[in-house]
Each structure stands twice: as C-alpha cells, then as structure tokens.
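> 3D model of this:
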Amino acid sequence: MMTNREIKSFARQQLRGNWGSMIGSFFLLLLAALLFIAFPVAAFAGGAAAVGRFGGMLSERDGMLLRVSVGILVALLFLLYYLIATGLALGMQRMYLDMVRGRRVSASDIFRGFRNGRQFWSFFWVELLLGLMSLVISAPLFLCMYVYGLNAANTTIVRWITNAISFLLQLFFAGAPIFAADDPNRSAVESLLLSFHTIERRKGRYLLLILSFFPWYLLSAVTLGLGMLFLVPYITAAETIFFLSAYSEDRSAKS
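Predicted structure coming up:
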C-alpha cells in the first residue's frame, strides 16, 4: 500500500489540470443544496402560516386535513431534496474516482450520479444507514438534554460518550461512500462492511493522514474559508486514493 506521503503527492499530481473542474463541481453541489433545501423550508414556513391564518376559519375536520396536507408536502419536498443530494454526491465521488485513475473530468460530470439506478440506490442506502446510525447514537444525548438540561453533569458525560462513538462511526465507515461509488454492483451493506474491514487494520495510518491536513485547515481559517475551495478537493482525492490503495493491497493478499 502507498504511504501517506505518496498518497498526498499522488493526489496533488492527479489534481493538476482538474482543479477547475473539482472546484466547479463543489460550487454546483453547494448551489444545489442551497436551492433545494430552500423549497422544503419555504413550504414549511408557508404551510405553517396558512394553518395559522386559516385554521381557525375551518371546521375541525378541514383544519386537520390542511395540517396533514402541509405535512405530506413538506415531507415529499425533503425527500426530493435528499434524493437529488444523493445523486450529486454520488456523481462527485465518481469524479474523484475517475480523476485519481488518470481520467480528465469536468464539472458537469457531477450529474453522472443519476445514470445508474442500482448504484444510485446503493449509495442512497449507504448514506441513509449512516445517518440513521448517527441518529440512534445521538438519541441518548437528546434525551439527557431534555431531562437534565444542556449544562448538567449527566448531559456532559453523555455528550462525551456520544462524540466518541460518533468519531468511531465516522472512522470505520469513512470509505463506504467511496466503495459504493466505485462498483455499481456492490450493495450498501457490502460497502459498509468493506469500509470497516479496510480501516480495521489501518486506523492509525488513516488518522495520521487526516491529521496531516490540520495546518491546511488553519491556513483556510486565515483566508476566511476561501482555502477550503482547494483543501476539500485535496483531502477528498487523498482519501479516495487511500481506500483504493488499501483495497488493492487486501485483494492482492487474498489472491
């Protein structure tokens, strides 16, 4: 497997000639996220205003029907947003996979995430399962905050435990979206298990790779976040190379 220094050097090499495409796709993803999240929020605000304004004028049955209709509309809009975000995230991850393999990419490639239905749903379930696991892990913290308050000693202890478990979740399953985007025939569960087994023997190496970008985070803070336009592609390319290199090593060991 490549060393962390080799991984970072190779990431910079593959980004040459592709910086504009990766930064452009990042802007497209950000713009799409802002636009599509605005619709559900606007619908919720408008629906709440409508219920508040007309709810008292309607019968109990019609008022309940209005509330249910608004709730369904907002839920559908949030689902639409999540589906679109999933497709764009898949397209971006496929861009990084293509780039590190030496292929030229363009910002419009971010829309390729919608082409393969099976891969789209596999990637969707990876993201959804990770989100659900994070929600389950955070549930005790929310309960403590409700029962004991934000600053209670019990809440502080549970918060530290929750943060530790969330860190481990992100550590062991960081490669799942990469593996899901790499093979259209790989299921969500296979991607999650592959990420877990890949990181299991390389926890220290992966952490050192991520920590090596800390000075760049400081530099990005000095530039008021503008440096993130270059740091995000750099880190994502390095992570992609890390998991592909580890996967290749594991396959060679089995053969």
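
> for the stretch 51-200 of the chain, give me the ranges with low pLDDT.
Residue ranges of the stretch 51-200 of the chain with pLDDT under 70: 51-67, 70.

> helices along that one, start to end?
Taking DSSP state H, counting those that start in this stretch, the helices of the stretch 51-200 of the chain run over residues 60-100, 117-148, 153-172, 176-182, 188-200.

> would you format these as a markdown table with distance to Ser25 included?
C-beta coordinates here come from the backbone N, C-alpha and C atoms, glycine included. Written out in a markdown table, the entries for the helices of the stretch 51-200 of the chain read as follows (distance: least, Cβ to Cβ, whole Å):
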| stretch | distance to Ser25 |
| --- | --- |
| helix 60-100 | 6 |
| helix 117-148 | 16 |
| helix 153-172 | 23 |
| helix 176-182 | 14 |
| helix 188-200 | 22 |
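
> residues in contact with Gly87?
Shown in contact with Gly87 (Cβ atoms under 8 Å, 6 or more residues apart in numbering): 111, 113-114, 120.

> okay, which residue is most central for this protein?
A centroid search over the chain (Cα atoms, centre = their mean) returns Glu127, at 6.8 Å, as the residue closest to the centre.

> how far away is that one from Ala253?
Applying Cβ to Cβ, to the nearest Å, the value for Glu127 to Ala253 is 29 Å.

> and Lys8, by the same measure?
Computed with Cβ to Cβ, the distance linking Lys8 and Ala253 is 24 Å.

> before we move on, what about Arg118?
Distance, Arg118 to Ala253, using Cβ to Cβ: 29 Å.

> out of the two, which sits in the busier spot?
Here Arg118 and Ala253 are set side by side on neighbour count (other Cβ atoms under 10 Å), and the busier one is Arg118, at 11 against 7.

> excluding covalently adjacent residues, which one is nearest to that one?
If you skip the residues right next to it in sequence, Arg118 has Pro184 as its closest partner in space, 5.8 Å away by Cβ to Cβ, 6 or more residues apart in numbering.

> enumerate every residue touching the one you found.
The neighbourhood of Pro184, defined by Cβ under 8 Å, 6+ apart, consists of 116, 118-119, 122.

> may I ask which of the residues you listed has the most neighbours?
Within the contacts of Pro184, Ser122 tops the neighbour count with 23 neighbours, counted by other Cβ under 10 Å.

> nearest to Phe230, out of the helices of the stretch 51-200 of the chain?
With Cβ to Cβ as the criterion, Phe230 lies closest to helix 60-100 of these, at 14.5 Å.

> just the angle between that closest one and helix 117-148, please?
Using axes from the mean of the first three to the mean of the last three Cα atoms, to 10 degrees, the inter-axis angle of helix 60-100 relative to helix 117-148 is 120 degrees.

> could you give the separation of helix 60-100 from the chain centroid?
Relative to the mean C-alpha coordinate of its chain, helix 60-100 is positioned 15 Å out (Cα atoms, centre = their mean, to the nearest Å).

> ok, stretch 3-17 next?
The gap between where stretch 3-17 is centred and where its chain is centred comes out at 22 Å by Cα atoms, centre = their mean.
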